[in-house]
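Q: My questions concern the predicted model and sequence given below.
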Amino acid sequence: MLKYYHAEPAANSLKSIIPLHEKALPFESIYVDLHKFEQHSEWFVAINPEGQVPVLDHDGTIITHTTVINEYLEDVFPDTPLRPRDAIGAARMRYWNKFVDEHVMNYVSMHGWHRMVGVIARNIQSGEFEQLMERIPLPDQRKKWQTARSGFSEADLAHATEKIIYAVDKVEAQLHKTRWIAGDAYTLADINFYSMCGMMVERMFPEMEIATRCPKLVEWRERMNARPAVAKALAGEDRTAPGLRTFTGHAR
Ligand SMILES: N[C@@H](CCC(=O)N[C@@H](CS)C(=O)NCC(=O)O)C(=O)O
C-alpha cells in the first residue's frame, strides 16, 4: 500500500506524483495544508521528523526527498521505466537531477516564497508567528520562514534570478541536441525540471520572454503537458487561496 503526503501539485509535491501516475500505481493521497502549518504539527512530524512534504509511505516504510522517492519508485516498480536501464543513461539522468536539485530548486523556491509565502507569513500576528517558528524542526527552514516574513534581499533575489536564467539557457541548449533533457528518452530529469521550473517559468518571470528566448524549452514543456500522467498530477486539488495562486507581480 502506497500513501503520498503532499501539498498543492507544484514543485516538490508535483515531482513525485507524476511518477506515481506514469507507473499507474494506486496510492492514497493525503493532503497536508502548508497554509495551516500542518507540516510542523505533531502528527506529521511523527511521520517526517524534518517537517516537510512530500513523503511516501510504502507499507509503513517512510521515504522522503523527491529525488530519493523517485529513484525508490524506480527500483521497486521498474515497469514503465523513467530511468535509463544502462549505466551511462542513468548517470546522465542523475547529472541533471543533481543540477536541478542543487542549482534550480532553491532559487525558484526563493522567488515562490517571496511572492506567496511572504504574504502568509506577514498575515500572522507576532507572538503567534514566533510560536509557529518554534515548531519548525529544520533550522534552515525556520530561517527561511523568518526571511519570508521580513523580505528576501534584492541581492539574494537577483542572484536567484541569475541562477534561473543560467538554468533555462542550459536546458534550452541541451534540448537543441536531444529530445528530452537527459537524452532521447523521457526520464525523471524531465519530471524534475518541469516540476521545479519548466511548468511555471513563464508565469513567474514574464520578463525573461521564455517563448522567444527558449523555443525548444517551450516545445518540450508542451510535450510534458500533453502526457496524461502530467495532466492527472496537475488536476490534483489546489486549495491555495486564489489571490496566492498566481505567480505574477510582487506581493510586497
Ligand atoms: N528536498 C526536499 C524539499 C522539500 C520541500 O522543500 N518541501 C516544501 C514544499 S515544496 C515544504 O515542505 N515546505 C514547508 C516548510 O518547510 O515549512 C524534497 O525534495 O522533497
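A: Structure's in. What do you need?
Q: how about the residues of the protein near the ligand?
A: When proximity is defined as Cβ under 6 Å from any ligand atom, the chain approaches the ligand at 7, 11-13, 34, 39, 52-54, 65-66, 141. Quick note: C-beta positions are derived from backbone N, CA and C, even for glycine.
Q: Please report how far residue 72 lies from residue 64.
A: Per Cβ to Cβ, to the nearest Å, residue 72 is found 10 Å from residue 64.
Q: Need the overlap of contacts for the two.
A: Common contacts of residue 72 and residue 64 (Cβ atoms under 8 Å, 6 or more residues apart in numbering): residue 56.
Q: And the pLDDT for residue 240?
A: Predicted confidence (pLDDT) for residue 240: 61.
Q: how near is residue 191 to residue 6?
A: Per Cβ to Cβ, residue 191 is found 14 Å from residue 6.
Q: Could you do residue 17 as well?
A: Taking Cβ to Cβ as the measure, residue 17 falls 7 Å from residue 6.
Q: again with residue 236
A: On the measure of Cβ to Cβ, residue 236 and residue 6 end up 8 Å apart.
Q: and if you look at residue 103?
A: Remark: distance between residue 103 and residue 6 (Cβ to Cβ) = 24 Å.
Q: neighbour-wise, which of the two wins?
A: residue 6 (21 against 14; other Cβ atoms under 10 Å).
Q: And for the residue in the stretch 101-250 of the chain positioned nearest to the ligand, the neighbour number?
A: Among all residues of the stretch 101-250 of the chain, residue 141 sits closest to the ligand, at 4.1 Å; criterion: Cβ to the nearest ligand atom. By other Cβ under 10 Å, 16 other residues sit near residue 141.
Q: I figured it was touching residue 51, is that so?
A: Yes - counting by Cβ atoms under 8 Å, residue 141 touches residue 51, with 7.1 Å between them.
Q: Can you say which helix or strand has residue 109 in it?
A: helix 105-112 (DSSP states H and E).
Q: Let me know the next secondary structure element after that helix.
A: According to DSSP H and E, the helix or strand after helix 105-112 is helix 118-122.
Q: Check which helices and strands that next one is in contact with.
A: Judged by 3 or more Cβ pairs under 8 Å, 6 or more residues apart in numbering; DSSP states H and E, the packing partners of helix 118-122 are helix 139-150, helix 242-245.
Q: Restrict it to CA atoms and write it as PDB.
A: The C-alpha trace of helix 118-122 is given here as PDB (Å, rounded to 0.1, in the frame of the first residue of the first chain):
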ATOM      1  CA  GLY A 118       5.800  36.100   2.400                       C
ATOM      2  CA  VAL A 119       2.100  37.100   2.200                       C
ATOM      3  CA  ILE A 120       1.100  34.300   4.500                       C
ATOM      4  CA  ALA A 121       4.000  34.900   6.900                       C
ATOM      5  CA  ARG A 122       3.200  38.700   7.200                       C
END
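Q: Can you give me the buried ones in that helix?
A: For helix 118-122, burial by neighbour count (16 or more other Cβ atoms under 10 Å) applies to 118-121.
Q: and what of stretch 229-238?
A: For stretch 229-238, the neighbour count (16+ other Cβ under 10 Å) marks 229-230, 232-234, 236 as buried.
Q: and the helices and strands packed on helix 118-122, which is most packed in?
A: Comparing the helices and strands packed on helix 118-122 by mean neighbour count (mean count of other Cβ atoms under 10 Å), helix 139-150 ranks first with a mean of 15.
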